[in-house]
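J.: A predicted structure for the sequence below; I have some questions about it.
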Amino acid sequence: MLLNIKYFGLLSEITGCHEEAIDFNGSTLYELMDLVFEKYPELERKDFQLAHNNEIVSGDMKLINNEIAFLPPFSGG
Amino acid sequence: MLLNIKYFGLLSEITGCHEEAIDFNGSTLYELMDLVFEKYPELERKDFQLAHNNEIVSGDMKLINNEIAFLPPFSGG
Amino acid sequence: MEKKPKNVFIEGAISSEFIGTSIAKHQSKTSIGAHNIFLGQVRADKSNGKSISAIEYTAYEDMAIAKFHEIREATFEKFNLTCMHIYHSLGLVKSGEICLFVFVSSPRRKEVFKALEYVVEEIKAKVPVFGKELFEDNSHQWKVNT
Amino acid sequence: MEKKPKNVFIEGAISSEFIGTSIAKHQSKTSIGAHNIFLGQVRADKSNGKSISAIEYTAYEDMAIAKFHEIREATFEKFNLTCMHIYHSLGLVKSGEICLFVFVSSPRRKEVFKALEYVVEEIKAKVPVFGKELFEDNSHQWKVNT
């Protein structure tokens, strides 16, 4: 499955992009994270949350659509 | 002593004036209230506080200057 | 040094332009991170089938100015504020118009929430201001705060 | 009927004129007795001897709009409000300028104090907005909320 991965704030500085397509054949977000950490080892040491379907989700979440976002700590307001 | 008595809000409707001079020879505000109630019996049944020298005061307060105000419940804002 | 009490009274309603301008004046104070503003607006409440069309405010002005000053000093004492402004109407304020404007600013948001509620409650409790509620048929009643 | 989420984002700073106009629009709602407004302003904080000259805001917009909508619905559920408006900047906001405007109105003041603090804390905690703090020398750091 081709996933659309989004990176925000500090995380997008590490990846060098705001979004990218990643071909992914696993089922949970833990597996996806491993794949992404392999590509961007620095990301693993950063504080972030994953969002999927407009909600913050945990790593054992199964994918229900193809967009996943890596979000650094929120700092609005 | 000639006192300057002020009446506000509903109380000024009862007295028919916003301020008046009253000649007073007592010493505490209780005595002054008796004098004022004699003049305006309806005032005695109303909810009010006395102010003297910019503070709310009780009836046993001794006068320190010649201005006394009769204040109905506050309703600012 | 004791600061001189400011006169917080404004004749008639407080306009939205006045409030906007007051906000704009704070943009040069770059240590401020949070503003909190309270606005009291005259409600067209119904009583015996008649609507309130306006409130006419009067005050025991000398005492009121002294009390506003005391509240101001106590608030700066209790909370870490950069600045504070209080304006209250005197005279006629129509329903839908603004009669009270309290504005507090601080580096941090936690302070402004606590400070603003404190100031508004203190004003309601301690400042000798009196509202005469006027109905469309020119009858009136005296406002009672709840 | 489910209401459609509103877009609360504004490009750049929120002007004091916009805030003033927003206040003015409420003068026809004569059941309102109290407004409470929170304004977030960009501070020129110092870090390693350099001052923050601006914050550049980005957001995960789809999720942010969904979260603003959820916060709005939950707030109307919890508190007796007549209306509520939320605006947040995206893009560049200079120090001294306003980046967040939350406006709640109710017949009664007790409700607006509780509701406003709730909304502001919920926004800070749940809405995916990110601030890049820019210094005068063009270096930057990522804002961390406290």
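T.: That came in fine, so what should we check first?
J.: and the residue of chain A closest to chain D?
T.: Closest approach between chain A and chain D, counting by C-beta to the nearest C-beta: residue A:76, at 3.1 Å. Any C-beta I mention is one placed from the backbone N, CA and C, and that applies to glycine too.
J.: buried residues, stretch A:47-60. List them.
T.: Residues of stretch A:47-60 classed as buried: A:48, A:50, A:51, A:52, A:54, A:57 (neighbour count, 16 or more other C-beta atoms under 10 Å in any protein chain shown).
J.: and of these, the nearest to residue C:127?
T.: residue A:54 (47.6 Å; C-beta to C-beta).
J.: returning to that earlier point: turn the buried residues of stretch A:47-60 into JSON lines, columns for distance to chain C, secondary structure and pLDDT.
T.: Output for the buried residues of stretch A:47-60, formatted as JSON lines (distance: C-beta to the nearest C-beta, whole Å; DSSP: H, G, I helix; E, B strand; the rest coil; pLDDT from 0 to 100):
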{"residue": "A:48", "distance to chain C": "25", "secondary structure": "coil", "pLDDT": "97"}
{"residue": "A:50", "distance to chain C": "28", "secondary structure": "strand", "pLDDT": "97"}
{"residue": "A:51", "distance to chain C": "25", "secondary structure": "strand", "pLDDT": "98"}
{"residue": "A:52", "distance to chain C": "30", "secondary structure": "strand", "pLDDT": "96"}
{"residue": "A:54", "distance to chain C": "26", "secondary structure": "coil", "pLDDT": "95"}
{"residue": "A:57", "distance to chain C": "29", "secondary structure": "strand", "pLDDT": "96"}
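J.: now could you export just the CA positions of the longest helix belonging to chain A as CSV?
T.: Taking DSSP state H as the criterion, chain A has its longest helix at helix A:29-39. In CSV, the C-alpha atoms belonging to helix A:29-39 read as follows (Å, rounded to 0.1, in the frame of the first residue of the first chain):
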residue,chain,number,x,y,z
LEU,A,29,2.0,1.9,12.9
TYR,A,30,4.9,0.3,14.9
GLU,A,31,6.1,-1.3,11.7
LEU,A,32,5.7,1.9,9.8
MET,A,33,7.7,3.8,12.4
ASP,A,34,10.6,1.2,12.1
LEU,A,35,10.6,1.8,8.4
VAL,A,36,10.7,5.6,8.9
PHE,A,37,13.4,5.5,11.6
GLU,A,38,15.6,3.4,9.2
LYS,A,39,15.3,6.3,6.7
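J.: tell me what that helix is packed against?
T.: Under the contact criterion of 3 or more C-beta pairs under 8 Å, 6 or more residues apart in numbering or on different chains; DSSP states H and E, helix A:29-39 touches strand A:2-7, strand A:19-23, strand A:49-52, strand A:67-71.
J.: just the angle between the longest one and helix A:29-39, please?
T.: Taking axes from the mean of the first three to the mean of the last three C-alpha atoms, to 10 degrees, strand A:2-7 and helix A:29-39 form an angle of 70 degrees between their directions.
J.: gap between the closest residue to chain B within chain A and residue C:50?
T.: Residue of chain A nearest chain B, by C-beta to the nearest C-beta: residue A:77 (28.1 Å). As judged by C-beta to C-beta, to the nearest Å, residue A:77 and residue C:50 stand 44 Å apart.
J.: sec struct for the closest residue to residue A:30 other than its chain neighbours, please.
T.: Nearest residue to residue A:30, sequence neighbours excluded (C-beta to C-beta, 6 or more residues apart in numbering or on different chains): residue A:59, at 4.0 Å. Recorded secondary structure, residue A:59: coil (DSSP: H, G, I helix; E, B strand; the rest coil).
J.: tell me the contacts of residue 35?
T.: Answering for chain A, as no chain was given. Residue A:35 sits next to A:22, A:24, A:26 when contact means C-beta atoms under 8 Å, 6 or more residues apart in numbering or on different chains.
J.: let me rephrase: I mean chain C.
T.: Neighbours of residue C:35 in contact, by C-beta under 8 Å, 6+ apart: C:23, C:26, C:103, C:104, C:105, C:112, D:37, D:38, D:39, D:41.
J.: poorly predicted segments of the chain, please.
T.: Defaulting to chain A. For chain A, no stretch has pLDDT under 70.
J.: that's the wrong chain, I meant chain C
T.: Scanning chain C for pLDDT under 70 picks out C:1-4.
J.: show me which strand runs longest in it.
T.: strand C:83-94 (DSSP state E).
J.: check which helices and strands it sits against.
T.: strand C:9-11, strand C:50-59, helix C:61-78, strand C:98-106, helix C:109-126.
J.: the last one near chain B at all?
T.: Yes. Using C-beta under 8 Å from any C-beta of the partner chain, a contact is recorded between helix C:109-126 and chain B, made by C:120, C:123, C:124, C:125, C:126.
J.: and which of the residues you listed is nearest chain D?
T.: Nearest to chain D among the residues of helix C:109-126 next to chain B, with distances taken as C-beta to the nearest C-beta, is residue C:120, at 6.5 Å.
J.: ok, now which ones touch the residue of chain A closest to chain D?
T.: Shown in contact with residue A:76 (C-beta under 8 Å, 6+ apart): D:57, D:59, D:88, D:100, D:123, D:124, D:127, D:128, D:129, D:130, D:131, D:145.
J.: show me the contacts for the fifth one.
T.: Pointing back at residue D:123 there. Shown in contact with residue D:123 (C-beta under 8 Å, 6+ apart): A:76, A:77, D:68, D:71, D:86, D:88, D:100, D:102.
J.: run a quick neighbour tally on the residue nearest to the third one when sequence neighbours are not counted.
T.: Just to be clear, that refers to residue D:68. Excluding its sequence neighbours, the residue lying closest to residue D:68 (C-beta to C-beta, 6+ apart) is residue D:8, at 5.0 Å. For residue D:8, the tally of surrounding residues (other C-beta atoms under 10 Å in any protein chain shown) stands at 22.
J.: hang on, residue D:8 packs against residue D:67?
T.: No. Look at residue D:8 against residue D:67 with C-beta atoms under 8 Å: they stay out of range, at 10.1 Å.
J.: hang on, the earlier thing: is it possible to get a markdown table of the buried residues of stretch A:47-60 that adds distance to chain D?
T.: A markdown table is the format used below for the buried residues of stretch A:47-60 (distance: C-beta to the nearest C-beta, whole Å):
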| residue | distance to chain D |
| --- | --- |
| A:48 | 11 |
| A:50 | 11 |
| A:51 | 6 |
| A:52 | 10 |
| A:54 | 4 |
| A:57 | 11 |
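J.: biggest separation within those, which pair?
T.: Pairwise distances across the buried residues of stretch A:47-60 peak at 16.7 Å for A:48 and A:54 (criterion: C-beta to C-beta).
J.: pick out the residue nearest the middle of chain A.
T.: residue A:70 (3.6 Å; C-alpha atoms, centre = their mean).
J.: of the contacts of residue A:76 - the most surrounded one?
T.: Using other C-beta under 10 Å as the neighbour criterion, residue D:129 leads those with 28 neighbours.
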